[in-house]
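Attaching a predicted model along with its sequence, questions to come.
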Amino acid sequence: MFNTSVEEKEAPPEPLSPEPLSFVLGRDLGGHWIVQETHGLCGGLFASKDAAISYARFESADRKSVIRLAPDPIELNCSS
């Protein structure tokens with residue numbers, strides 16, 4: 001007799017890197033707030049500086065992160 005049941009197993013969660021994430025925070029030429037992880041892992045366009053910082057902290061998943069303020073206008077890079 002064959003067992004036709006299939007057990008579904010969840011893949012173990014990927015471990016978080018101990019390295020802190022690094023974000024760049026700034027405004028685009030239109031004055032919108034942008035935050036982007038320096039390796040292109042995540043980022044977004046925000047209505048306020050506080051919202052952009054909250055997003056970066058959320059994406060850090062309780063790991064330490066570095067958020068640098070860009071002195072010049074920046075653009076959101078979605079190609080990575």
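Sure, I can see it. Residues are numbered from 1 along each chain as shown.

Please enumerate the helices of this protein.
Here the chain has its helices, by DSSP state H, at 49-59.

At the geometric centre of it, which residue sits there?
Cys42 (3.5 Å; CA atoms, centre = their mean).

And that one, how far from Phe58?
Counting by CB to CB, to the nearest Å, the gap from Cys42 to Phe58 is 10 Å. C-beta here means a position set from N, CA and C on the backbone, and glycine is covered the same way.

what's the answer for Asp28, then?
To Phe58, Asp28 is 21 Å away according to CB to CB.

So for the two, which sits in the more crowded spot?
The neighbour count for Asp28 versus Phe58, taken as other CB atoms under 10 Å, is higher for Asp28 (13 against 10).

Just list whatever residues bridge to the nearest residue to Cys78 once chain neighbours are set aside.
Spatially, and ignoring its direct neighbours in sequence, Cys78 is nearest to Gly43 (7.9 Å; CB to CB, 6 or more residues apart in numbering). In this structure, Gly43 bridges to Gln36 when assessed by DSSP bridges.

for Val66, same thing?
Taking DSSP bridges, one obtains Ser22 as the residues bridged to Val66.

where do the strands sit along the protein?
Per DSSP state E, the chain carries strands over the ranges 21-27, 33-37, 43-46, 65-69.

and the last one, what does it pack onto?
So that's strand 65-69. Applying 3 or more CB pairs under 8 Å, 6 or more residues apart in numbering; DSSP states H and E, we find strand 65-69 packed against strand 21-27, helix 49-59.
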